[in-house]
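[1] here are the coordinates; sequence isn't available:
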């Protein structure tokens with residue numbers, strides 16, 4: 001079981017990693033929808049990590065990948081972002097996660113990707 005403090009930190013890191021940049025005021029509704037999707041992803045990841053058989057090293061890798069994703073977003077580093085997502089997805093594909101948790105997280109990530117591709121929906 002993941003200590004509550006670690007899980008809370010993980011949820012905060014997820015929201016920060018996929019956080020929201022400056023957008024046009026007209027994109028407010030779309031960003032609100034994306035914010036909801038990011039919060040759902042954070043909650044689903046939190047639950048999945050609690051129910052997983054991830055090692056301490058793998059949990060640290062998730063935190064590192066999310067931190068790298070946030071930094072890549074802030075620095076407009078697409079390659080760094082892709083690398084962090086690739087690492088995160090490889091952990092998701094491991095047998096450490098329950099199949100239903102893995103599927104839920106992948107659906108969350110797909111929804112976030114779709115929201116980002118909408119006009120005015122980028123972060």
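    Cool, got the structure. Note that the structure is predicted; figures quoted are calculated from it, not measured.
[2] Do a quick rundown of the helices in this structure.
    Per DSSP state H, the chain carries helices over the ranges 4-17, 28-51, 56-74, 78-92, 99-117.
[3] Out of those helices, which gets the lowest mean score?
    Among the helices of the chain, helix 4-17 has the lowest mean pLDDT, at a mean of 55.
[4] For the closest residue to residue 48 other than its chain neighbours, the count of nearby residues, please.
    For residue 48, ignoring the flanking residues on the chain, the nearest one in space by C-beta to C-beta, 6 or more residues apart in numbering is residue 101 at 3.6 Å. Every residue, glycine included, has its C-beta placed from N, CA and C. Neighbours of residue 101 under the rule other C-beta atoms under 10 Å: 19.
[5] Look up how far residue 73 lies from residue 101.
    Distance, residue 101 to residue 73, by C-beta to C-beta, to the nearest Å: 24 Å.
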